[in-house]
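Visitor: Sequence unavailable; structure follows:
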């Protein structure tokens, strides 16, 4: 994919980011001051409560009018405003990019999430993961679109499909956003548990191809496994195709069940039609994104 | 249950199977596709045989339907027939008894074995009947054992001459009935055999040289033999010959060369003091004519006496000079034939074998008039008596039992009295009868007749298998001793005085109460059998196969079902293919 194409996709994502944003309001934040209400008392303009003065309290917040009426020092408490913390984890395994439409949709979502996080003034930590390989991603690399080359180099190493998320430098009390097609075998519980550890919350964005969910296979195929590049001969008959489709649905049913169990929002985003329409289908409905207004 | 494929060429339809596989393989060649959900596919396909190309067909319904259609079509095309149980094929083989088969008869067991599958067809059981084409021969074999059949064929030895096989073929057809096979096994191909017989000719041309016969001639007091050798082959042949006599005495071998078809005469003086000899020729494949037995010929003598009358003595001298078997008898009463000259007034005839002539003393009168009529009789056969001129005279008295041979008007000129008396009822000297050939021939025939009736020793050369009759005393057994060239002697007792000479060349001696009656050399002189140029291999057994199949098997009763099933399968396949498309 060329720089121009990436720029086009980025522009599409930026337009979409004006209408949709990450649901950062729903979380009670702690940490650096910012635009979002924190869990503690802060110095923002939003009044929160009164309480009696205690030694050590900031005398600037003594309610003198109350002292004049009652003769007791009463403190005015204001809401704390903090910056949200977001860990954006981008699964750059080969399955995300083997199909042009899926690759385009993946990149659009990545740009959208990245843009949305930046617009929210979040402390954003972008990371790329492919199997057991983890690389941090700087904002400059994203804005200059050079991240793609790095992502390609990671996927070409043909690592195992299962992302080793325990290698990620996750921050506490952060929103973790995992952008992955979730097409790897195994129980999703350990991955979700890892990504929701240390009071983190998790948003899952999973782009998918219609041809993966409902393929029109019929006959003999030499399948090339995109992760490892190995060839596999199969004859696909209608019965086998039906079993595959059931297996595909079952795979994501397990993911949905695990997501519900851990209060994780899982949004499956089709590769067609355009990005905004695709996001409206599931991401907005499940609360993984919200409207900017 | 045994099945027979009557149209094996229908198996070519099976070539449709590899063609079908190739077509399906080409149609269903793999498409290459990248996949991100292989682990899901493999979870769904635990029971599938991924990776084996052959199994790509295992789930293709049209493929299996088309394969089934090909197999059904093949089954229909090969026209299967179900072999009946307990079916018996009766096979009658008529062997050519002619001597030429000796060259090939050792190969017969092998040839029979080669053609047995064709002859047997599909019958579960076989029954053989082996006959000879010679009608008077016993059956060679009858039964169901192939081993015994081969043994019987090896023992059998053909020795006859050329024989029309029709009667043997008729007998064979009657024995095996219409459903049996009748096969004429010979060495020379024949066309249009009767009685539905099939031909199995097993011969081939060979280069044969052999003796064709022998004659004897008295010349200057010596007996000269003349034998003829013939080359029946297609190429020039070189042979050696020599004469073997008693005590193994042999002449110096001489080499002769014969062009194709050439006949070469050999002759020589019969060795004095020898009564027999054997001419030997270098042996070839056909042995029967490579030797030739010789026996010094000697006829039965006929003792002859005559009355001293002038007329009879004159005729008697002429007869003794002209007819070799006649021998003047010195003793009165032992003669086998007497020449009598009787007066016309003689009242009685002596009851002895005799030739009686009239001794007329009167002056001759005018010639007798009237038509000359000859009775149809073996003695008179072909004789011309019309030139006969007889003068009127007295006649001998005749009676009703006399068999008149020659009439002129009302006058019986020549008649037979009994079987042993020939009466010339006129004076030979007063007629021109002694100048007529008919008179000499009649006298010779009468003498020969008496000679044949005489019981006495004689020597001659006979052909193999020749029917002869000898004179012998009634009530006494005859003993025959047949000796081959190799010295093998066979003794037998003859029940009749008429018999066939041995079928093998050699010598034959017949005696009665130790009195020799016949000493003969037996020669093979059938030139038709010695000529192998028309021998060839040919067989018309193939026609038997079809009838045998029809007889011993039945049509597949379900062939209509298979046909309909084929159509259904083809339509189903077509439907599946269209559905897929």
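Guide: That came through fine. In this text the structure is predicted, and so the values were computed from the model without any measurement.

Visitor: which intervals of chain A have sub-threshold pLDDT?
Guide: Judged by pLDDT under 70, chain A has its weakly predicted residues at A:26-48, A:79-82, A:158-161, A:293.

Visitor: Kindly state the domain boundaries assigned to it.
Guide: The record's domain split for chain A, according to automatic domain parsing, is A:3-27+A:84-291, A:33-82.

Visitor: Now the ones you listed in TSV, please, with extra columns for mean neighbour count and distance to residue B:290.
Guide: C-beta: built from backbone N, CA, C; applies to glycine. Converted to TSV, those look like this (neighbours: other CB atoms under 10 Å in any protein chain shown; distance: least, CB to CB, whole Å):
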stretch	mean neighbour count	distance to residue B:290
domain A:3-27+A:84-291	19	81
domain A:33-82	13	135
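
Visitor: Out of the ones you listed, the one nearest residue B:192 is which?
Guide: domain A:3-27+A:84-291 (65.9 Å; CB to CB).

Visitor: about what we covered before: quick one, which of the domains of chain A gets closest to residue B:391.
Guide: If you check each of the domains of chain A against residue B:391 by CB to CB, domain A:3-27+A:84-291 wins as the nearest, at 130.5 Å.

Visitor: Quick check: end-to-end length of that closest one?
Guide: The straight-line separation of the ends of domain A:3-27+A:84-291 (CA to CA, to the nearest Å) is 29 Å.

Visitor: With stretch B:471-486 instead?
Guide: Start-to-end span of stretch B:471-486 (CA to CA) is 29 Å.

Visitor: And that stretch, what's buried?
Guide: Using 16 or more other CB atoms under 10 Å in any protein chain shown as the burial criterion, the residues of stretch B:471-486 that qualify are B:471-472, B:478-480, B:482-485.

Visitor: what residues does that stretch touch?
Guide: Applying CB atoms under 8 Å, 6 or more residues apart in numbering or on different chains, the external contacts of stretch B:471-486 come out as B:278, B:291, B:293, B:452-456, B:470, B:489-495, B:497, B:499, B:502, B:504-513, B:517, B:522.

Visitor: of all of the stretch 101-250 of chain A, which residue lies closest to chain B?
Guide: Taking CB to the nearest CB, chain B has its nearest neighbour within the stretch 101-250 of chain A at residue A:243, 3.8 Å off.

Visitor: Helix, strand, or coil at the nearest residue to residue B:344 once chain neighbours are set aside?
Guide: The shortest distance from residue B:344 to any non-neighbouring residue, by CB to CB, 6 or more residues apart in numbering or on different chains, is to residue B:394 (3.5 Å). Put simply, residue B:394 is coil when judged by DSSP: H, G, I helix; E, B strand; the rest coil.

Visitor: Residue B:394: neighbour count?
Guide: Residues lying near residue B:394 (other CB atoms under 10 Å in any protein chain shown) number 15.

Visitor: Which pLDDT value belongs to it?
Guide: Residue B:394 carries a pLDDT value of 77.

Visitor: ok, now how distant is it from residue A:154?
Guide: Applying CB to CB, to the nearest Å, the value for residue B:394 to residue A:154 is 164 Å.

Visitor: Dump the buried residues of stretch B:471-486 into CSV; add secondary structure, pLDDT and distance to residue B:5 as well.
Guide: As requested, the buried residues of stretch B:471-486 are exported to CSV (DSSP: H, G, I helix; E, B strand; the rest coil; pLDDT from 0 to 100; distance: CB to CB, whole Å):
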residue, secondary structure, pLDDT, distance to residue B:5
B:471, coil, 88, 69
B:472, coil, 89, 67
B:478, strand, 90, 63
B:479, strand, 92, 64
B:480, strand, 92, 59
B:482, strand, 92, 56
B:483, strand, 91, 59
B:484, strand, 87, 53
B:485, coil, 81, 55
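
Visitor: Name the nearest of the residues you listed relative to residue B:37.
Guide: Comparing the buried residues of stretch B:471-486 against residue B:37 with CB to CB picks out residue B:484 as the nearest, at 100.8 Å.

Visitor: Good, wrapping up.
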